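> Below are the sequence and a predicted model for it; my questions follow.
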Amino acid sequence: MTDETIWKALDDDVLKVSIRKRPSMYIGGIGPTGLESMVLQVLDHLLQLAVDLTQTELSIELSERQFIFSFFSKKGLFLDKTPEEQYTPPYLFLSVVNALSEQLGFGVEKFGKRTIQIYQNGQLNKKALIPSEDEGQRIELAFTPDETLFGNKPLSYFILLNRCQELAMLNSGLTISLTDGTKQKNYFHYDQGLVEYIFQKDDSITRNGQPLIINTISEGVSIQAVISKNGSTSIKDSFVNGHLPSDGGTHLDGFVQGTVDAINQFLEETNRLKYLTIDNFPERFDVVLSIKVKRPRYTGAVKKKIRNPELYKIVKEAVFTEVSIFLKRHPAWYLN
């Protein structure tokens, strides 16, 4: 995505008119629910611009009716690549926020220069170029949502808190800070990522030993997962590019099948009865799966289920390989 594309997204009057007429197409609606959707979109899409999330810091500040985001990366941001190289178009959220805000300030900082543009009711009002001494790259975004669309009820701090914690766990090494004026401040950074996600949500009393961890890439799909043996299972979360489809989909189906096949092969090779099935798998394991794919396709506008047919085979084969290798090295993990 080039700098020109960024500013073009902010200055596209035709797109802004379309968004303004039909906000539900972009954020699901107006009012408090629409505001929540728009703010979380900003949070999610900013992270897609990082070259290396382990070298990035995201700060979010709530100030009266204004939301302020600052996204800094030591390794750089995807500011010089086309949208096709991203998982999803990374600039649309800028058009949405600009169209639905009373005021928006947007800045890009790189190569010792900081470019800032201020928009009033979607139209460019001021522009400035300021020297910078930072060695990395930064994106800054500050906006005041349109009160006529969203009302004056503030967004719950805990909605952002929960999502920031979730994203930090899904992206180990990422640092996020969240501040609500002088009232609250929270800091999120998890070196073990998905392991800590499981351990904060499952039942530690019935947890049986250390979890099985998967971290691999297959056919361009990044696959991370944690499988924890637990007699009181409750976690069955499967994320796609940070989004959690409530009804799962082909990625989760492939994951479960690959795991079941690998464990049953292990049992057969060690002369034990094969009794693990897709049906009883959820009764034995807590699971969190996170994949990243370039073009996810969902059923329905609310993205309840992912339907990419190729993901079933890709995830199943990759997980089968990883679980098989793990069980050969640690046979006692499943048997104890």
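The structure has been received and is ready for your questions.
> the strands in the stretch 51-200 of the chain, which residues?
56-63, 66-73, 101-110, 113-120, 123-131, 137-145, 175-180, 184-189 (DSSP state E, counting those that start in this stretch).
> so what strands line up beside the second one?
Based on DSSP bridges, the pairing partners of strand 66-73 within the sheet are strand 56-63 (antiparallel), strand 137-145 (antiparallel).
> Residue 144 and residue 67: what is the separation?
8 Å (C-beta to C-beta, to the nearest Å). In this view, the C-beta of every residue, glycine as well, is placed from N, C-alpha and C.
> Of those two, give the one with the bigger neighbour count.
residue 67 (22 against 15; other C-beta atoms under 10 Å).
> Tell me the bridge partners for the more buried one.
residue 62, residue 143.
> swap in residue 299?
Going by DSSP bridges, residue 299 forms beta bridges with residue 305.
> give me every residue that touches the residue nearest the centre of the chain.
When C-alpha atoms, centre = their mean is applied to the chain, the residue found nearest the centroid is residue 242 (2.6 Å). Shown in contact with residue 242 (C-beta atoms under 8 Å, 6 or more residues apart in numbering): 44, 47, 167, 170-171, 290.
> Same check on residue 134?
72, 109.
> Starting from residue 58, give me the distance back to it.
Taking C-beta to C-beta, one finds residue 134 at 15 Å from residue 58.
> Which one of the strands paired with strand 66-73 lies nearest to residue 237?
Evaluated over the strands paired with strand 66-73, closeness to residue 237 peaks at strand 56-63, with 21.7 Å, by C-beta to C-beta.
> what does that closest one rub up against?
43, 46-47, 50, 67-75, 154-155, 157, 160, 164, 174-181.
> For it, the averaged confidence score.
Mean pLDDT, strand 56-63: 93.
> And the pLDDT at the closest residue to residue 275 other than its chain neighbours?
The shortest distance from residue 275 to any non-neighbouring residue, by C-beta to C-beta, 6 or more residues apart in numbering, is to residue 267 (7.7 Å). What the model reports for residue 267 is a pLDDT of 91.
> Touching, residue 267 and residue 261? I think so.
No: with contact defined as C-beta atoms under 8 Å, residue 267 does not reach residue 261; the gap is 10.9 Å.
> any chance of the strands of the stretch 51-200 of the chain in TSV, with distance to residue 248 too?
Listed next are these as TSV, based on distance: least, C-beta to C-beta, whole Å:
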stretch	distance to residue 248
strand 56-63	28
strand 66-73	30
strand 101-110	35
strand 113-120	40
strand 123-131	43
strand 137-145	32
strand 175-180	26
strand 184-189	26
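> right, and these - which one's nearest residue 310?
strand 56-63 (29.4 Å).
> Can you report how many residues neighbour residue 331?
Neighbours around residue 331, by other C-beta under 10 Å: 13.
> any idea how far it lies from residue 266?
Counting by C-beta to C-beta - residue 331 and residue 266 are separated by 7 Å.
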